[in-house]
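[1] predicted model and sequence follow; I will ask about them next.
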Amino acid sequence: MNTPQPTPQPTPEMAQRMANAVRMLAVDAVEAAKSGHPGAPMGMADIAQVLWHRHLQHNPLNPQWPNRDRFVLSNGHGSMLIYALLHLSGYDLPMAELKKFRQLHSQTPGHPEVDITPGVETTTGPLGQGISNAVGMALAEKLLAQAFNRGLENGQNLDIVDHMTYAFLGDGCLMEGISHEACSLAGTLRLSKLVALYDDNGISIDGHVQGWFTDNTPQRFEAYGWHVIAQVDGHDPQAVHAAIAAAKAQARSPEGKPTLICCQTVIGRGSPNKAGTHDVHGAALGAAEVAATREALNWPYPPFEVPPDVASAWDARATGAQAEGQWRARMAAYQSRYPQEAAEFERRMQGDLGPAYAQGLHKALAAIVAKPDALATRKASQNALDVLAPLLPEFFGGSADLTGSNLTNFKGCTKAGRDTWGNHLSYGVREFGMAAIMNGMALHGGFIPYGGTFLTFSDYSRNAIRMAALMKKRVIHVFTHDSIGLGEDGPTHQSVEHVPSLRIIPGLDVWRPADGLETFVAWACAVERCDGPSALALSRQNLPQLLSDVADAAKVRQGGYILSDMPGAQAIILATGSETSLAMKAQAELASQGLATRVVSMPCTNVFDRQSEAYQDSVLPMGLPTVAVEAAHPDFWRKYVGRTGMVIGIASFGESAPAPALYAHFGITAARVCEAVRTLVHRHLHRQAKELPEHIVPSDN
């Protein structure tokens, strides 16, 4: 294995000045913005100096180097810490951007955002999610290493995946329940290359935390199966260095564990009057205290100025280029020995699907269409996985303890475990943790992660879904048991508001397919999409096959399309998911009564809304009365049916009963759709028949 050596320790005086440069950049930026959180950067500056200068393997000239160490600032409110580190290390983050901290369109937003600031690995701010993303990154590293590394051959190191994941976190991250979900799993999976450095300063926004946070954090993490280094003086560089070195050493042992380093620090260190108080947590110090801090730290430089010797000591471009160069040489040797594996590794890290996927897609689609039986779309989803998985070795699936219900496993999948390689993981009952871990895997690269739970439990993972959308990462959520159709489990498990609420998350594509072909297309679109996450809402109950022609897939890809049309259609029935077959029944019944209608299937409103206005008008002409039907809250559909249309849905919670009884009870039936259509057509004809005056002569008064 590759064992990078730490950079030599600078003199104690220089180490202190390097840390103080971080402190004062944070102080000056927050003061200029009159907004921000100076306390964490000031308190963690010494820890950051040791990690970033002596241990972190990164190349500021190439922030996307595949084998770089990952660094996550989970306590993302302290964003000026990472901005100062990135600037000082030599990333393309000029001082001008630090001066624009928290300003519109700057590269230094209030919380770190991936793809906005070079060197930022994930968007953090919602506490606990950063450390959970780091768990996903460490999991991705471990799985890729098991898949691609070849160890020593003829004295040559052919391990091309061999890096650490570091995370800074604070009390807030530990108080959030998601940290328990993710860190518990990290210990079980022995993610030994994960090192978390806990800023144990005893302060949160409301003050000293002993009134609301008295957990024995070291014992908690020991119980998870972590290696814990407690009571490290976070202002003693040598103690911090020794702790990180110990974490790296044990990470490479056969029984290695993730490591938590508990660093005892003083929030706002350097501020004479505010250090150690919550006053320095989330507000600018003020001009007088900034001046006093400069004097206390012996920092006789104007705002945003770093002396040349300190700037030179921080510059990591040369050492970073050297570290990447050594890896490139190792990669070249690997490529010479294993050309196919090297090409596959590079393809996966770039996020390309490759020719095998494109070549096999049509055949896979034909295999799906050849299955005409009525089936639940959760089963159709599993059928899609069966044919897609061989084309996509980067698939990594899982479920929050519901594999047998979500059907996220597929033929030939291998269960990943504590010390075993695989492509399907039982996450346990950890919906939120699972979602954030999947985000971390997508951020790391090399995988397309997907995970399942019941749709009603999407509420547990919603903020991580939102973060995937904000970061525009390819993550796929499989949500089964999508409506009252799940039946007897009752309102606690029956989704009513969930699909509509998910649809309004910017950047999230929500698919609710009506049959096997629509389900396959939903999977294909989710896989092919590189600019955001997707959610598949799938039925428990069986649904009839509505489409049987491979060519229909192109229509489904539009998000909404004309499923069945009739000459002289007088109204539109708009439906999605399990209610689409109900719309088809209503169309047939109305036709027998001499009333022609058009049925529009809308498996993904988000995709339909991205189509051209001309296409949308061709599918949903504004002049035709429209009835929408979905076993969910009705309000969402009013943007399609208009003020004069009708929506058949559920504006209350469900009940516990068999699915057919529930659909009848809530009036989600073909008969009710027919009644609504007849009512709308009658109103429409009545309005047309009204005689309106051609003009109104204005009064002289």
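    Cool, the structure landed.

[2] and L152, what are its bridge partners?
    N157 (DSSP bridges).

[3] verify the contact between it and L158 for me.
    Yes: shown here, L152 and L158 form a contact pair, counting by Cβ atoms under 8 Å, at 7.3 Å. Where you see a C-beta, it was placed from the backbone N, CA and C, and this is true even at glycine.

[4] those two: which is more packed in?
    L158 (20 against 10; other Cβ atoms under 10 Å).

[5] which residues touch that one?
    Neighbour list for L158: N149, R150, G151, L152, R330, A333, Y334, R337, Y338 [criterion: Cβ atoms under 8 Å, 6 or more residues apart in numbering].

[6] now do the phi/psi pair for it.
    Reported as degrees, to the nearest 10, the phi and psi values for L158 are phi -120, psi 30.

[7] got it, and A537?
    phi -100, psi 120.

[8] coming back round to it: name the member of the contacts of L158 with the most neighbours.
    Y334 (22 neighbours).

[9] quick one: low-confidence parts of this structure?
    Flagging of the chain using pLDDT under 70 yields the residue ranges 1-6, 691-701.

[10] and if we set it to 80?
    1-8, 254, 690-701 (pLDDT under 80).

[11] now the residue nearest the centre of it: closest residue in space, sequence neighbours ignored.
    Computing the C-alpha centroid of the chain and ranking residues by Cα atoms, centre = their mean puts A468 first, at 2.6 Å. Closest residue to A468 apart from its sequence neighbours, by Cβ to Cβ, 6 or more residues apart in numbering: P533 at 4.0 Å.

[12] OK, contacts around that neighbour?
    Residues in contact with P533 (Cβ under 8 Å, 6+ apart) are I465, A468, A469, K473, R474, V475, I476, H477, G507, L508, D509.

[13] same question for A145.
    A145 touches D159, V161, D162, counting by Cβ under 8 Å, 6+ apart.

[14] can you tell me which of those end up in strands?
    The strands, defined by DSSP state E, take in nothing from those.

[15] and which of those is nearest to S381?
    V161 (30.4 Å; Cβ to Cβ).

[16] quote the end-to-end distance of stretch 534-545.
    23 Å (Cα to Cα, to the nearest Å).

[17] er, stretch 616-633 I mean
    23 Å.

[18] next one: that stretch to chain centre, how far?
    32 Å (Cα atoms, centre = their mean, to the nearest Å).

[19] figure out the helix or strand that the residue nearest to Y561 when sequence neighbours are not counted lives in.
    Excluding the flanking residues, the one nearest Y561 by Cβ to Cβ, 6+ apart is K555, at 3.9 Å. Using DSSP states H and E, K555 sits within helix 553-556.

[20] list the helices and strands that helix packs on?
    Secondary-structure packing of helix 553-556 (3 or more Cβ pairs under 8 Å, 6 or more residues apart in numbering; DSSP states H and E): helix 516-528.

[21] check which residues of the helix it packs on are buried.
    G516, L517, E518, T519, F520, V521, A522, W523, A524, C525, A526, V527 (16 or more other Cβ atoms under 10 Å).
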